[in-house]
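[1] Below are the sequence and a predicted model; questions follow.
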Amino acid sequence: MADEFTEALASGNLQSFSDAVNFAAHIGIELVAAKKNRVEGRLPVKKELTNHLPNVHGGAIMSFADAMGAIGAHLNTPEGASGTTTIESKTNFIKPAMEGDTLHAVCTPLAVGRRLSVWQTEITRDDGKRVAVVTQTQIYL
């Protein structure tokens with residue numbers, strides 16, 4: 001699937017991610033690297049992403065991982081497919097991250113097929129401690 005977003009990612013123009021994915025840009029996701037077999041990102045934890053404790057809200061973690069897996073799936077879109085969407089996601093929350101921390105994501109494929117791909121995203125804090133592990137399934141449309 002050749003489109004401006006895919007071509008920009010392939011050429012290393014990571015700004016295109018923020019231009020193309022409004023919600024991800026809104027919460028502050030920064031794309032660090034994007035290849036077919038590895039996607040990396042960063043999410044600064046600002047007050048708006050925290051709950052009452054004030055640690056980062058689980059929904060922000062899940063959204064971060066979903067964006068990383070979607071990019072990986074997008075980069076692996078088979079010929080003839082028009083896109084991809086998440087059909088299943090499972091999150092294990094392990095440690096909290098607080099306002100002022102930065103979350104780091106590394107997303108890799110567990111399987112890439114003609115109709116589905118499965119991605120695992122490990123999210124850590126600046127100190128290297130694991131915050132969450134997310135496994136998601138993407139279907140090609």
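    Great, that's in hand.
[2] what helix or strand is the most centrally placed residue in the chain on?
    The structure's the chain has its C-alpha centroid closest to residue 68; by CA atoms, centre = their mean the separation is 1.8 Å. Here residue 68 sits within helix 58-75, counting by DSSP states H and E.
[3] Tell me the buried residues in that helix?
    Buried residues in helix 58-75, counted by 16 or more other CB atoms under 10 Å: 60-75. C-beta here means a position set from N, CA and C on the backbone, and glycine is covered the same way.
[4] go on, stretch 34-45?
    34, 39, 40, 41, 43, 45.
[5] quick one: which of these is nearest residue 128?
    residue 40 (14.5 Å; CB to CB).
[6] that older thread, check which helices and strands whichever helix or strand comes after the helix holding residue 68 is in contact with.
    As assigned by DSSP H and E, the chain's next helix or strand after helix 58-75 is strand 84-93. Under the contact criterion of 3 or more CB pairs under 8 Å, 6 or more residues apart in numbering; DSSP states H and E, strand 84-93 touches helix 58-75, strand 130-140.
[7] Which one, of the ones you listed, ends up nearest to residue 108?
    helix 58-75 (7.6 Å).
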